[in-house]
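> Fold the following for me, if possible:
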Amino acid sequence: MNPKELTVVEHMEELRSRLFVTAIFFVLALFIGFFTAEPIIQFIQYSEEAENLTLNAFKVTDPLTVYLQVTFIVAAVVTSPILLYQLWSFITPGLHETERKATLKYIPYSFFLFIGGIAFSYFVLFPFVMKFMMGLSQDLEIQQTIGINEYFSFLFKLLIPFGFLFQLPVVTMFLSRIGLLSPILMVKFRKYSYFVLLVISVLLAPPDFVSNVIIAIPLFLLYEISIMISRIGYRKYEIAEAKRIKEQEERERELKVEELLTEQRRQIEEMQK
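Purely as a prediction, here's the structure:
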């Protein structure tokens, strides 16, 4: 049966099977996370931002909670290429052959951009946030007693969103490649997009102008890069669409010729009777 002709139930069954495969890989990745969680936690604990801090456990289960958080995040990152591939396999039956081959290449880019977003957040954003918070505590003469669970939870709330924000070029390329997004539309809504990105930088960064600018500028550059990528993807879409239309017109002409030949043969046979 043609994949495009699958019923809704069959689509749901296919999606469930692909998610099941992803879940199996996630369980296997948990073992990787289990063995790498301890060195990652120690690396963060002895980093420049935390070396002058005493991280406390306010609950008996706090160390275990942190350990499991890191384990699950590592497993999720390791499994993300598998999840992207399964989602790609699920939606590609609705794409043309050239689009299927092109979009498959986006999976490695998406993974590395996610890692790049996490790295940017950890090495650029997080130090500014900690510097601001520690400076504010000193100004207010507040002695901070920081829990290790709260420290890592706060860190992850900064890292994970930027991992997804750095997916913007890949998402833009994909949507442009299948014709759902055009560079003209992105340019038209540029000022609104800048405003949204500025709001995001204000929400994620400390409430001071310098930090907001430092965080906003990479996001603006990311949007401009996405526009350039969209131009490339949309141009390829237009070429592929023109080729598809041309092939469809040729098939229609061939069908008309075959119909005319069939009609002529039928008329000749009737005349011979």
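
> Does anything pack onto the host helix or strand of residue 164? Which helices or strands?
Under the criterion of DSSP states H and E, residue 164 resides in helix 148-165. For helix 148-165, the elements it packs on are helix 8-45, strand 55-56, helix 62-91, helix 106-120, helix 126-139, helix 190-204, judged by 3 or more C-beta pairs under 8 Å, 6 or more residues apart in numbering; DSSP states H and E. For every residue, glycine as well, the C-beta is placed using N, CA and C.

> shaky segments in the protein?
1-8, 11, 94-99, 101-103, 205-211, 272-273 (pLDDT under 70).

> would you turn the helices and strands packed on helix 148-165 into TSV with distance to residue 214 and mean neighbour count?
TSV is the format used below for the helices and strands packed on helix 148-165 (distance: least, C-beta to C-beta, whole Å; neighbours: other C-beta atoms under 10 Å):
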stretch	distance to residue 214	mean neighbour count
helix 8-45	22	14
strand 55-56	26	16
helix 62-91	25	17
helix 106-120	11	17
helix 126-139	7	14
helix 190-204	9	14
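
> Now distance to residue 152 too, for the ones you listed, in TSV please.
Below are these laid out as TSV (distance: least, C-beta to C-beta, whole Å):
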stretch	distance to residue 152
helix 8-45	7
strand 55-56	9
helix 62-91	5
helix 106-120	14
helix 126-139	12
helix 190-204	17
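
> Minimum distance to residue 247: which of these has it?
Ranking the helices and strands packed on helix 148-165 by distance to residue 247, with C-beta to C-beta as the measure, places helix 62-91 first at 22.4 Å.

> Which one, of the helices and strands packed on helix 148-165, ends up nearest to residue 164?
Closest among the helices and strands packed on helix 148-165, once you apply C-beta to C-beta, is helix 106-120, at 7.1 Å.

> and the angle from the helix holding residue 164 to helix 126-139?
140 degrees (axes from the mean of the first three to the mean of the last three C-alpha atoms, to 10 degrees).

> can you list the residues that contact helix 148-165?
The set of residues external to helix 148-165 that reach it, using C-beta atoms under 8 Å, 6 or more residues apart in numbering, is 41, 44, 50, 53, 55-59, 62-63, 65-66, 69-70, 73, 114-115, 117-118, 120-122, 125-126, 129, 200, 204, 219, 222.

> And for stretch 188-200?
161, 165, 186, 212, 216, 219-220, 223, 227.

> go again using 10 Å as the cut-off
Here stretch 188-200 makes contact (C-beta atoms under 10 Å, 6 or more residues apart in numbering) with 161-162, 165, 168, 182, 186-187, 212-213, 215-220, 222-224, 226-227.

> Distance from it to the middle of the chain?
19 Å (C-alpha atoms, centre = their mean, to the nearest Å).

> With stretch 12-22 instead?
20 Å.

> from what I can see residue 147 touches residue 57, true?
Yes: between residue 147 and residue 57 there is a contact at 6.8 Å, judged by C-beta atoms under 10 Å.

> Pull up the overlap in contacts between these two.
residue 66.

> Endpoints of stretch 133-145, how far apart?
13 Å (C-alpha to C-alpha, to the nearest Å).

> Buried members of the contacts of stretch 188-200 into ChimeraX, please.
Filtering the contacts of stretch 188-200 down to the buried ones (16 or more other C-beta atoms under 10 Å) takes a single ChimeraX command:
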select :161,162,165,168,182,186,212,215,216,218,219,220,222,223,226,227
